[in-house]
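Peer 1: Build the 3D model from these lines:
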Amino acid sequence: MPSPSSSRSLSRLTRSATLTVAAVCCTLLVLPASSGAAAPASATDTAAAPRIHDIQGRTRLSPFAGQRVAGIPGIVTGVRDFGDTRGFWLQDPRPDRDAATSEGIFVYTAKKSPGVSVGDALRVTGKVQEYYLGGKELGSQSITELTEASWEAADTVGRGKLPDAVRLSARSVPKAYAPDADGGPPGSGGFGGGSIEDRTLRPNRYALDRYESLEGMRVSVRDVRVTGPTSRYHDLWATTDPKQNPTPRGGTLYGSYEEQNGARVKVSSLLPPAEHPFPKANVGDELRGTTEGPLDFEQFGGYTVRATTLGEHRDNHLKRERTRKQRPDELSVATYNVENLSPKSEPAKFERLAEGLVTNLSSPDIVTVEEVQDNTGPDDDGTVAADKTLKTLTEAVRKAGGPSYEWRQIDPADKADGGQPGGNIRVAFLYNPERVSFTDRPGGDTTTPVKVEGKGGKPALSASPGRIAPQDEAWKASRKPLAGEFRFRGRTVFVVANHFSSKGGGDLDGDQPMEGRFQPPARHSEPQRVQQAKLLNGFVRDIRAVDPNALVVAGGDFNDFPFSPALKALRSGHALTSPMDRLPENERYGYVFNGNSQALDHLLTSPGAGRPDYDIVHINSEFTDQTSDHDPSVVRIRR
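Peer 2: Okay, the predicted model is just below:
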């Protein structure tokens with residue numbers, strides 16, 4: 001699954017493409033040298049001025065979209081004077097009595113400095129636009145903006161006193177997330193619903209409607225808990241309802257398609273970073289006091305408080321976990337997504353991954369690793385071998401006091417398995433030869449499918465390692481599972497490393513955003529993972545058809561949730577079970593996305609494994625300083 005950072009990059013590129021036209025329009029404005037403000041609106045324009053709540057209207061779409069409006073009165077409540085999307089927020093200090101209509105709006109000045117200050121009273125003339133970040137086709141909600149704008153001072157509106165901020169809290173944000181646009185209940189096949197754009201907002205009924213009714217207005221949160229750590233882009237996620245599906249470590253659990261957790265809100269800052277550095281916060285930390293500013297909307301992020309006042313960071317000292325050492329008669333199998341690892345990665349990343357494997361995971365016997373890149377990393381030069389990547393990782397483990405891991409993998413075809421362009425990510429096995437042995441059997445290559453054979457009444461792989469159905473359409477532009485045959489204390493163990501297709505993000509084939517205009521959102525990527533799950537399930541059934549008590553472990557980044565159709569397909573016919581299910585429900589997570597703690601990585605076992613001991617080791621996803629965006633997991637099986 002793509003991280004928020006990859007999604008953000010696409011959004012900025014798309015916005016930059018849009019700037020070309022907008023910037024041309026803005027160059028037509030005449031800016032007085034003394035004030036930096038645009039040319040004043042005419043008296044004729046001012047006489048016909050609607051109010052901001054008229055422009056925003058009672059739905060998500062402005063009734064004035066595409067029209068020029070003149071002399072719009074308001075107070076500047078926030079200024080964004082950096083990047084390619086500069087502008088300011090304007091709010092009417094004289095609101096109407098309709099809770100569905102927002103009193104705030106963003107005035108977009110492209111790359112040009114707005115030249116205004118918080119507290120300025122203005123009358124603005126411009127064109128009303130509904131802007132879709134990343135493009136309308138991706139399913140995002142729009143932002144109602146004024147573009148090609150000019151303005152003049154308006155002392156009659158008042159200066160200096162900002163409109164009171166609307167408090168976001170457990171009481172003011174409804175529990176229900178969004179209206180259903182006649183698409184059936186969430187989770188009913190992933191086909192999604194229709195658009196909710198033209199529906200009258202019901203801010204007392206739905207969380208998304210509440211936020212939309214406040215778009216562009218000053219809002220505040222107080223004494224909030226961080227549920228998504230500070231990102232490289234200096235933003236974080238917090239919850240306005242600490243009782244909404246909390247995890248033991250301070251996060252908010254995403255436990256079903258119906259638990260979107262509408263109390264989550266993103267926080268970024270409009271304050272000068274030199275004077276007000278953004279806090280480096282982990283999950284479970286707090287922003288004490290008041291955080292307030294205009295409410296904006298971001299692609300793949302949703303509603304965001306652009307803070308003009310930022311609460312004080314309270315560090316609650318979240319600790320990285322360590323799992324126990326496996327006993328002599330326990331086989332430990334771990335899975336770890338190492339996030340685009342290659343020799344181009346910083347040496348510190350290899351060192352920290354090694355520390356995690358040795359110290360936090362207690363040197364597992366077998367590790368399925370995902371997102372191992374080729375020897376030249378993102379360079380698109382035709383390289384597919386990854387021996388240098390894996391050698392650097394295993395040497396780092398040895399230097400950290402761990403075992404001398406050996407590895408097995410199969411190179412993919414160039415640019416055939418998705419992931420970062422040129423990186424050729426793949427799955428691989430690491431194993432400790434002092435604890436387990438690998439059964440090498442020739443014949444495994446990029447395109448040859450591994451088969452299950454019966455030898456003396458026992459199952460065996462036709463090739464070890466071998467790829468499962470690598471030419472099946474289900475694996476198009478996706479990683480192919482790698483099957484391997486191991487031996488532990490005299491027993492054969494079949495392990496399959498997996499990295500199912502991505503949920504997307506900025507991709508037309510990806511899932512629609514949770515906070516988007518289509519409700520429920522369509523999960524376009526889901527059918528491919530369901531087909532992948534069926535192939536893996538069939539492979540495990542082939543093994544168990546020869547020996548019902550065979551020991552199989554399927555691990556990896558399945559890019560889907562425990563309650564998803566893909567995971568249900570994996571468990572079909574009891575071929576595999578999820579030891580994670582025996583954890584307390586609020587502990588079933590190892591990935592944090594948009595402030596939701598969720599599970600994408602899994603270790604599934606066949607009935608022959610008995611009742612394994614399962615642990616998700618939280619060392620990455622909840623921390624602003626992370627080696628990967630995934631937490632590793634480990635399962636221990638007694639022999």
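
Peer 1: what ranges do the helices span in the stretch 301-450 of the chain?
Peer 2: According to DSSP state H, counting those that start in this stretch, the stretch 301-450 of the chain carries its helices in the segments 347-355, 387-399.

Peer 1: what residue ranges in the stretch 101-250 of the chain score low on pLDDT?
Peer 2: Where the stretch 101-250 of the chain drops to pLDDT under 70, the residues are 156-160, 183-191.

Peer 1: Quick one: the helices in it, in order.
Peer 2: With DSSP H, counting those that start in this stretch as the criterion, the stretch 101-250 of the chain has helices at 207-213.

Peer 1: Strands of that one, residue ranges please.
Peer 2: 104-110, 121-132, 142-153, 166-167, 218-228, 236-239 (DSSP state E, counting those that start in this stretch).

Peer 1: sorry, back to before: could you dump the helices of the stretch 301-450 of the chain to CSV with distance to Gly126 and mean neighbour count?
Peer 2: (Glycine included, C-beta is placed from N, CA and C.) Shown next, in CSV, are the helices of the stretch 301-450 of the chain (distance: least, CB to CB, whole Å; neighbours: other CB atoms under 10 Å):
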stretch, distance to Gly126, mean neighbour count
helix 347-355, 47, 18
helix 387-399, 52, 18
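
Peer 1: need those helices in TSV with mean pLDDT, can you?
Peer 2: Below are these laid out as TSV (pLDDT from 0 to 100):
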stretch	mean pLDDT
helix 347-355	98
helix 387-399	98
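
Peer 1: Confidence-wise, which helix or strand of the chain is lowest on average?
Peer 2: Least confident element among the helices and strands of the chain, by mean pLDDT, DSSP states H and E: helix 4-26 (a mean of 32).

Peer 1: From Ile425, how far out is Lys415?
Peer 2: Look at Lys415 and Ile425: by CB to CB, to the nearest Å, they are 11 Å apart.

Peer 1: Please identify which of the two sits among more neighbours.
Peer 2: Neighbour comparison, Lys415 and Ile425: the larger count goes to Ile425, with 23 against 15 (by other CB atoms under 10 Å).

Peer 1: can you pull the contacts of Ala176?
Peer 2: With contact set as CB atoms under 8 Å, 6 or more residues apart in numbering, Ala176 has these partners: Arg205, Tyr206, Ala207, Gly262.

Peer 1: Now with 10 Å, please.
Peer 2: Contact analysis of Ala176 by CB atoms under 10 Å, 6 or more residues apart in numbering lists Arg202, Arg205, Tyr206, Ala207, Leu208, Asp209, Glu258, Gln260, Gly262.

Peer 1: Most neighbours among those, please name it.
Peer 2: Counting neighbours by other CB under 10 Å, Leu208 leads those with 28 neighbours.

Peer 1: Once you drop chain neighbours, what's closest to that one?
Peer 2: Nearest residue to Leu208 in three dimensions, chain neighbours excluded: Ala178, at 4.3 Å (CB to CB, 6 or more residues apart in numbering).

Peer 1: isn't that neighbour right next to Pro521, touching?
Peer 2: Yes: with contacts counted by CB atoms under 10 Å, Ala178 reaches Pro521, the gap being 9.1 Å.

Peer 1: quick one on the thing from earlier: of all the helices of the stretch 301-450 of the chain, which one is nearest His630?
Peer 2: His630 sits nearest to helix 347-355 of all the helices of the stretch 301-450 of the chain, at 11.5 Å, using CB to CB.

Peer 1: Just the buried positions in stretch 596-607, please.
Peer 2: Asn596, Ser597, Gln598, Ala599, Leu600, Asp601, His602, Leu603, Leu604, Thr605, Ser606 (16 or more other CB atoms under 10 Å).

Peer 1: want to throw those residues into JSON lines with secondary structure?
Peer 2: Output for the buried residues of stretch 596-607, formatted as JSON lines (DSSP: H, G, I helix; E, B strand; the rest coil):
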{"residue": "Asn596", "secondary structure": "strand"}
{"residue": "Ser597", "secondary structure": "strand"}
{"residue": "Gln598", "secondary structure": "strand"}
{"residue": "Ala599", "secondary structure": "coil"}
{"residue": "Leu600", "secondary structure": "coil"}
{"residue": "Asp601", "secondary structure": "strand"}
{"residue": "His602", "secondary structure": "strand"}
{"residue": "Leu603", "secondary structure": "strand"}
{"residue": "Leu604", "secondary structure": "strand"}
{"residue": "Thr605", "secondary structure": "strand"}
{"residue": "Ser606", "secondary structure": "coil"}
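
Peer 1: Turn those residues into a markdown table, including pLDDT and distance to His630.
Peer 2: Formatted as a markdown table, the buried residues of stretch 596-607 follow (pLDDT from 0 to 100; distance: CB to CB, whole Å):
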| residue | pLDDT | distance to His630 |
| --- | --- | --- |
| Asn596 | 98 | 14 |
| Ser597 | 98 | 12 |
| Gln598 | 98 | 11 |
| Ala599 | 98 | 10 |
| Leu600 | 98 | 7 |
| Asp601 | 98 | 6 |
| His602 | 98 | 11 |
| Leu603 | 98 | 13 |
| Leu604 | 98 | 17 |
| Thr605 | 98 | 20 |
| Ser606 | 98 | 24 |
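
Peer 1: Name the nearest of these relative to Gly402.
Peer 2: Distance to Gly402, by CB to CB, is smallest for Leu603 among the buried residues of stretch 596-607, at 19.9 Å.

Peer 1: check contacts around that closest one.
Peer 2: By CB under 10 Å, 6+ apart, the contact set of Leu603 is 333-335, 368, 495, 553-556, 576, 578-580, 609, 612, 614-616, 632-635, 637.
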